[in-house]
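S.K.: With the sequence up front, the predicted model follows.
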Amino acid sequence: MTNIFEYAPAPESRAIVDIKPSYGLFINGEFVDGHGTSFKTINPATEEVLAEVAEASDADVDEAVRAARRAYTRVWSRMSGAERAKYLYRIARIIQERGRELAVLESIDNGKPIKESRDVDIPVVAAHFFYYAGWADKLEHSGYGSTPLGVAGQVIPWNFPLLMLAWKIAPALACGNTVVLKPAETTPLTALLFAEICQQADLPPGVVNIVTGAGDTGRAIVAHPDVDKVAFTGSTEVGKAIARAVAGTEKKVTLELGGKAANIVFDDAPLDQAIEGIVNGIFFNQGHVCCAGSRLLVQESVADEVMTRLKRRMSTLRVGDPLDKNTDVGAINSAEQLAKIRELSQIGEDEGAERWSTPCDLPSKGFWFEPTVFTGVSQAHRIAREEIFGPVLSVLTFRTPSEAVEKANNTPFGLSAGVWTDKGSRILSMANKLRAGVVWANTFNKFDPTSPFGGYKESGYGREGGRHGLEAYLKGADA
Ligand code: NAP
Ligand code: MG
């Protein structure tokens, strides 16, 4: 924690969540033991073991896919869109009603600050279900037809556990598909609470199946012959393996992969707002954000001024207990991720970039990394090219708009970008030239269910959110 201000902790109570000692798999509307082993999920802020969670074997995945197929054929694909919508609206309302419980559980299992899980993750999760509930009876107007694909196999990462689940499950169900979803190994608990919410909403058994496990469970879902569609969010490396695994099959695939977004600050930008946008862009969710603004491109004439203000602002960030309502930066999700962040940061120093980290006392237990910025970064540096997926910002400078575009696009990724300028015409011309799925202007990390999100190049293919997000779960206009 920083010692700049006097500080009184304001921890959110965890009494609202009821974490069970162990969890089974959610198959066909019930929690079952499964045939595999189990693993532990921990609180990354304390290293406390939270629960023992079943690891789904190939046989369990097979059972889940069968349950999903039965529910698809007998119930879900036969139901009218208006009927399906009722279930989705019900789920959305229960998410709102149980919002505090979901937010606290997400922060405990993931390490993200409660103010983010409470004010961003959970409200956007509910908004996704509300939004796609609205589409369920209007699919003939989607432009993609109204015929579902069948069973969707969905594999998600640990950075936004419940939000990624919502992005996957809401459109799939609205379109009439059934799902088998695997949450990440380090963050299974909110997906399991979501399974309880499905029971509470009386969702027909088998429409949603949650199989916990690690990479092998994910692989079994992707490889299952009776899965019609694979939806994956995660690393580019695993995304490529999945693309290879489904090549030559009939399976439809969407991949949402990594990023290395440029956040571009011109000299006419409102600097105080830009500083807030830079901080939000890279320190939101500890920088565990695929679209994080991890490359700051700042116009040379204001570079010194921006750096002075940025460091001053970074010094006020509170790092610590995720359940404290004052916390800005929580825990790194796992020891493994912390090791990756440390390794790449060390590489940054070895490559000759200059490192500055906020002065803060980190808790003795748990996984932590101080908000860090590297200056003097060149385009060839690994910290400018590779995703660090942590609270680490690399700063490069530019002189002209065309140099900014060239540097911004000089990356294998293309998920998002930010532009800070007073000129509307410059925003439009930059947005046209940046090879990124999302371009934010004078803001960053804004999410809305109505807006499609997805990447170019190695950031993946397919779009999630908005009308475009329906395409991934429908057979197409001429089916
Ligand atoms: P990851 O290692 O690719 O894991 C993602 C999910 O895939 C996890 O559930 C993982 O299981 C599972 N998995 C691992 N190997 C698999 C395999 N061979 N076949 C099928 N599934 C497999 O990624 P991560 O480290 O968890 O997440 C961070 C990455 O996700 C970053 O690169 C980030 O940019 C990207 N991301 C992208 C978006 C987006 O929308 N574009 C959003 C969020 C994150 P376990 O981890 O449980 O073992
Ligand atoms: Mg955990």
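M.R.: Yep, it's here. This one's a predicted model, so the numbers in the text were calculated from it and none came from an experiment. Ligands and ions are numbered 1, 2, ... in the order given.
S.K.: which element is Val279 on?
M.R.: helix 271-283 (DSSP states H and E).
S.K.: what angle sits between the helix or strand following that helix and helix 271-283?
M.R.: Scanning forward in sequence from helix 271-283 by DSSP H and E, the next helix or strand is strand 295-299. Angle between the axes of strand 295-299 and helix 271-283 is 160 degrees (criterion: axes from the mean of the first three to the mean of the last three Cα atoms, to 10 degrees).
S.K.: Please state the mean pLDDT value computed over the helix or strand that strand 295-299 is followed by.
M.R.: Using DSSP H and E, the helix or strand that follows strand 295-299 in sequence is helix 303-314. Mean per-residue pLDDT for helix 303-314: 98.
S.K.: Taking their axis directions, helix 303-314 and strand 295-299 sit at what angle?
M.R.: Using the same axes, to 10 degrees, helix 303-314 lies at 140 degrees relative to strand 295-299.
S.K.: Run through who's touching helix 303-314.
M.R.: Contacts with helix 303-314, where a contact means Cβ atoms under 8 Å, 6 or more residues apart in numbering, come from 265, 271-272, 274-276, 278-279, 283, 296, 298, 356, 358, 371, 373, 375, 395, 397. (Each C-beta comes from the backbone N, C-alpha and C, glycine too.)
S.K.: got it, and stretch 407-418?
M.R.: Applying Cβ under 8 Å, 6+ apart, the set of residues contacting stretch 407-418 from outside is 236, 257-264, 277, 281, 290-291, 293, 295, 297, 379, 385, 387, 396, 398, 433-441, 443-444, 454-460.
S.K.: same deal with stretch 83-93?
M.R.: Looking at what lies outside stretch 83-93 - Cβ under 8 Å, 6+ apart - the contacts are 76, 126-127, 129-130, 132-134, 136-137, 170, 173-174, 176, 197-198, 201-203, 207.
S.K.: how near is Arg78 to Thr46?
M.R.: To Thr46, Arg78 is 48 Å away according to Cβ to Cβ, to the nearest Å.
S.K.: part of a strand, is Ala417?
M.R.: Yes: counting by DSSP: H, G, I helix; E, B strand; the rest coil, one finds Ala417 located in a strand.
S.K.: got the buried residues for stretch 386-406?
M.R.: 386-398, 401, 404-405 (16 or more other Cβ atoms under 10 Å).
S.K.: whoops, stretch 199-210 was the one
M.R.: Neighbour-count burial for stretch 199-210 flags 201, 203-210 (criterion: 16+ other Cβ under 10 Å).
S.K.: Among the residues you listed, which lie within strands?
M.R.: Using DSSP state E, the members of these that fall in strands are 208-210.
S.K.: Please parse this structure into its domains.
M.R.: 22-257+457-473, 262-441 (automatic domain parsing).
S.K.: Check those for me and report the most buried one.
M.R.: Using mean count of other Cβ atoms under 10 Å, the stretch among the domains of the chain with the largest mean neighbour count is domain 22-257+457-473, at a mean of 22.
S.K.: Span of that domain from start to end?
M.R.: Terminal residues of domain 22-257+457-473 are spaced 33 Å apart (Cα to Cα, to the nearest Å).
S.K.: ok, and does that domain reach over to ligand 1?
M.R.: Yes: under the criterion of Cβ under 6 Å from any ligand atom, ligand 1 is reached by domain 22-257+457-473 at 155-159, 182, 184-185, 214-215, 218-219, 222, 233-235, 238, 241-242, 256-257, 460.
S.K.: same thing with stretch 325-334?
M.R.: No: figure legend: stretch 325-334 not in contact with ligand 1 (Cβ under 6 Å from any ligand atom); closest approach 8.5 Å.
S.K.: first to last residue in that stretch, what's the distance?
M.R.: Across stretch 325-334, the terminal residues are separated by 22 Å (Cα to Cα).
S.K.: so how far is it off the chain centroid?
M.R.: Put simply, stretch 325-334 sits 16 Å off its chain's centre (Cα atoms, centre = their mean, to the nearest Å).
S.K.: taking the mean pLDDT, what do you get for it?
M.R.: On average, stretch 325-334 scores 97.
S.K.: Residues touching it, excluding its own?
M.R.: Residues from elsewhere that reach stretch 325-334 (Cβ under 8 Å, 6+ apart): 7, 9-12, 44-45, 107, 110-116, 158-159, 186-187, 283, 286, 288, 317-322, 338, 341, 366-369, 371, 390-391.
S.K.: Just give me the closest of the buried residues of stretch 199-210 to Val17.
M.R.: Closest approach to Val17 among those (Cβ to Cβ): Ile210, at 17.6 Å.
S.K.: Who are the contact partners of the closest one?
M.R.: 25-26, 181-183, 191-192, 194-195.
S.K.: So which of the residues you listed belong to helices?
M.R.: Among the contacts of Ile210, the members falling in helices (DSSP state H) are 191-192, 194-195.
S.K.: Show me what residue of the stretch 351-479 of the chain gets nearest to ligand 2.
M.R.: Of all residues in the stretch 351-479 of the chain, Phe367 sits closest to ligand 2, at 10.6 Å by Cβ to the ion.
S.K.: which SS class is that residue?
M.R.: Under the three-state scheme (three-state DSSP), Phe367 adopts coil.
S.K.: so it makes contact with Asn110?
M.R.: No: the pair Phe367 / Asn110 is not scored as a contact, 11.4 Å apart, by Cβ atoms under 8 Å.
S.K.: List the residues that are in contact with both of these two.
M.R.: Both Phe367 and Asn110 are in contact with 44, 333, where contact means Cβ under 8 Å, 6+ apart.
S.K.: Check the gap between Glu403 and Ile264 for me.
M.R.: According to Cβ to Cβ, Glu403 and Ile264 sit 10 Å apart.
S.K.: same thing with Glu351?
M.R.: From Glu351 over to Ile264 (counting by Cβ to Cβ), the distance is 22 Å.
S.K.: and if you look at Ile210?
M.R.: Relative to Ile264, and taking Cβ to Cβ, Ile210 is found at 40 Å.
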